[in-house]
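1. Model the following, please.
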Amino acid sequence: MKTTAIDKKTLFAYLEEIKDPEIPVLSIVDLGIVRDIKLNDDELEIIITPTYTGCPAMDMIATAIKVEMATLGFKKVKVTHVISPAWTTDWMSEEGKRKLKEYGIAPPNPKQQVCNDKLFAADEAVQCPHCNSWHTHRISEFGSTACKALYQCDDCKEPFDYFKCH
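-> Numbers count the residues shown, from 1 in each chain. Below you'll find the predicted structure:
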């Protein structure tokens with residue numbers, strides 16, 4: 001395949017094939033960690049932002065990106081890690097949030113609510129991804145990874161991870 005014939009939209013479609021090593025139902029595009037793609041003469045630069053600074057999966061993701069792009073014929077691939085602005089769950093695709101729930105991980109919720117025209121931070125109401133109950137409680141601030149918290153449903157009694165909003 002000639003690399004000159006590939007545009008950004010096509011490259012994003014190829015990056016959809018790269019799954020997050022910690023949550024294999026999500027692509028790196030679903031997660032919103034792919035910030036930009038730059039085609040500079042004979043070099044391809046892909047800019048990514050970790051969900052958390054120091055995320056251990058980022059090296060694996062960068063390697064997967066380089067391998068995938070090499071299979072498309074790119075000889076020079078640069079993966080740039082950018083931490084500012086910090087990643088936010090707002091960058092996740094709605095499709096990604098749906099995939100999380102189907103996988104058994106509660107997707108992120110907005111942390112703020114409006115009451116009597118005043119904006120305030122509220123305790124997060126987290127819906128159980130198994131039975132859809134809102135009667136849940138946090139067991140631990142950290143789940144299987146730093147980007148998740150551990151919850152339990154008070155109705156079905158199942159424990160589950162919640163992808164923290166930030």
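2. all helices for this structure, in order.
-> 8-15, 58-71, 94-103 (DSSP state H).
3. I'd like these laid out as a markdown table, including mean pLDDT, mean neighbour count and distance to residue 140.
-> Backbone N, C-alpha and C define where each C-beta goes, glycine included. Shown next, in a markdown table, are those (pLDDT from 0 to 100; neighbours: other Cβ atoms under 10 Å; distance: least, Cβ to Cβ, whole Å):
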| stretch | mean pLDDT | mean neighbour count | distance to residue 140 |
| --- | --- | --- | --- |
| helix 8-15 | 94 | 14 | 32 |
| helix 58-71 | 95 | 16 | 24 |
| helix 94-103 | 95 | 16 | 18 |
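4. In TSV: the ones you listed, plus distance to residue 125.
-> Below are the helices of the chain laid out as TSV (distance: least, Cβ to Cβ, whole Å):
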stretch	distance to residue 125
helix 8-15	33
helix 58-71	31
helix 94-103	15
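5. out of these, nearest to residue 83?
-> helix 58-71 (10.2 Å; Cβ to Cβ).
6. Which elements pack onto that closest one?
-> Secondary-structure packing of helix 58-71 (3 or more Cβ pairs under 8 Å, 6 or more residues apart in numbering; DSSP states H and E): helix 8-15, strand 43-48, strand 76-81.
7. Would you map out the domains in the protein?
-> Domain assignment for the chain, taken from automatic domain parsing, gives 3-81, 104-163.
8. weakest of those in terms of mean pLDDT?
-> Here the lowest mean pLDDT among these goes to domain 104-163, at a mean of 81.
9. Tell me how far residue 23 lies from residue 139.
-> Separation of residue 23 from residue 139 (Cβ to Cβ, to the nearest Å): 19 Å.
10. thinking residue 97 is in contact with residue 106, fair?
-> No - between residue 97 and residue 106 there is no contact under Cβ atoms under 8 Å: 9.6 Å.
11. and residue 12, what does it touch?
-> 29, 34, 37 (Cβ atoms under 8 Å, 6 or more residues apart in numbering).
12. and which of the residues you listed is nearest residue 92?
-> Looking at the contacts of residue 12 and their distance to residue 92, the nearest is residue 29, at 9.9 Å (Cβ to Cβ).
13. what residues are up against the closest one?
-> Neighbours of residue 29 in contact, by Cβ under 8 Å, 6+ apart: 12, 15, 16, 93.
14. go with 6 Å
-> 12, 15, 16 (Cβ atoms under 6 Å, 6 or more residues apart in numbering).
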